[in-house]
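S.K.: can you look at this prediction? I've put the sequence above it.
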Amino acid sequence: RLGVEPAARHPSAGVLVGIGGACLNAWQETLGLLNALRALVAREPGVEVGGPLAIVAGMKDSIERGAQHFVKFLASASVSLGLFNLLPVPALDGIKMLFLTVEGIFRRNIKPRWQDMVNGVGLLAILAMVGVLTIKDGLRLFTKKEAPPAEQTTTTETPPAPTTSTPPPSEPAPQQPAQP
């Protein structure tokens with residue numbers, strides 16, 4: 001045989017172990033997404049929302065890191081989109097589930113015209129949000145401040161010389177406790 005084969009990175013596992021691991025990973029992704037959504041609603045610092053350009057940039061980074069990272073990125077994006085689709089946001093599936101729940105509780109149908117109006121407004125809001133996020137992502141990705149070229153960089157300060165502190169000969173050196 002000619003060529004090079006990559007070494008196995010993970011020990012082989014049975015189908016049931018693989019399915020269990022996939023379910024556990026999906027559950028952890030869901031919990032992480034719900035925590036991020038909670039932090040976003042609570043306006044905690046450090047939470048950022050990305051649009052289509054951020055998704056493509058993340059996809060590009062995961063491709064550069066290897067197939068395993070790319071597949072994990074795709075799985076994470078799938079869980080995120082599925083969970084987002086279940087939220088009761090107009091124009092998504094979650095609002096239809098909410099309408100059906102309300103109809104079941106009150107035993108009356110919600111007028112289709114009213115549902116269409118709510119979904120239309122929701123769709124416009126989602127499209128506006130995607131537009132704003134795309135512009136925000138574009139500004140963040142394409143206006144990164146670049147460092148000046150190396151030949152133009154000049155420094156007038158010289159770094160301080162490294163100093164070592166040694167105790168005077170009359171004092172014994174302090175003993176450091178042993179690390180376990």
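M.R.: Structure received. Just so we're clear, the structure is a prediction, and the values are computed from it rather than from any experiment.

S.K.: S76: neighbour count?
M.R.: S76: 18 surrounding residues under other Cβ atoms under 10 Å. Glycine gets a C-beta too; all of them are placed from N, C-alpha and C.

S.K.: oops, could you answer that again for E64 instead?
M.R.: Residue crowding around E64 was assessed by other Cβ under 10 Å; the count is 9.

S.K.: now the nearest residue to F70 once chain neighbours are set aside: which helix or strand?
M.R.: Distance criterion Cβ to Cβ, 6 or more residues apart in numbering; nearest residue to F70, sequence neighbours excluded, is S62 at 4.6 Å. Here S62, judged by DSSP states H and E, is contained in helix 52-65.

S.K.: buried set for the next helix or strand after that helix?
M.R.: Next helix or strand after helix 52-65 toward the C-terminus (DSSP H and E): helix 67-86. Buried residues in helix 67-86, defined by neighbour count with 16 or more other Cβ atoms under 10 Å: F70, F73, S76, V79, S80, L83.

S.K.: tally of neighbours for the closest residue to the fourth one other than its chain neighbours?
M.R.: Sequence neighbours aside, E29 is the residue nearest to V79 in space, at 4.4 Å (criterion: Cβ to Cβ, 6+ apart). Neighbour count of E29, defined by other Cβ under 10 Å: 19.

S.K.: which ones are touching S80?
M.R.: E29, L33 (Cβ atoms under 8 Å, 6 or more residues apart in numbering).

S.K.: scratch that, P88
M.R.: Contacts of P88 by Cβ under 8 Å, 6+ apart are G94, I95, M97, L98.

S.K.: tally of neighbours for the last one?
M.R.: A count of nearby residues for L98, using other Cβ under 10 Å, gives 16.

S.K.: give me the pLDDT value at the closest residue to it other than its chain neighbours.
M.R.: Once flanking residues are discounted, L98 sits nearest to P88: 4.4 Å by Cβ to Cβ, 6+ apart. Listed pLDDT for P88 reads 87.

S.K.: and P88, how close does it get to G46?
M.R.: Note on P88: its distance to G46, by Cβ to Cβ, to the nearest Å, is 26 Å.

S.K.: one more: L31?
M.R.: L31 sits 18 Å away from G46, going by Cβ to Cβ.

S.K.: and the two? Which one has more around it.
M.R.: When neighbours are counted by other Cβ under 10 Å, L31 and G46 differ, and L31 comes out ahead with 10 against 5.

S.K.: could you say which helix or strand contains the more buried one?
M.R.: Following DSSP H and E, one finds L31 within helix 15-41.
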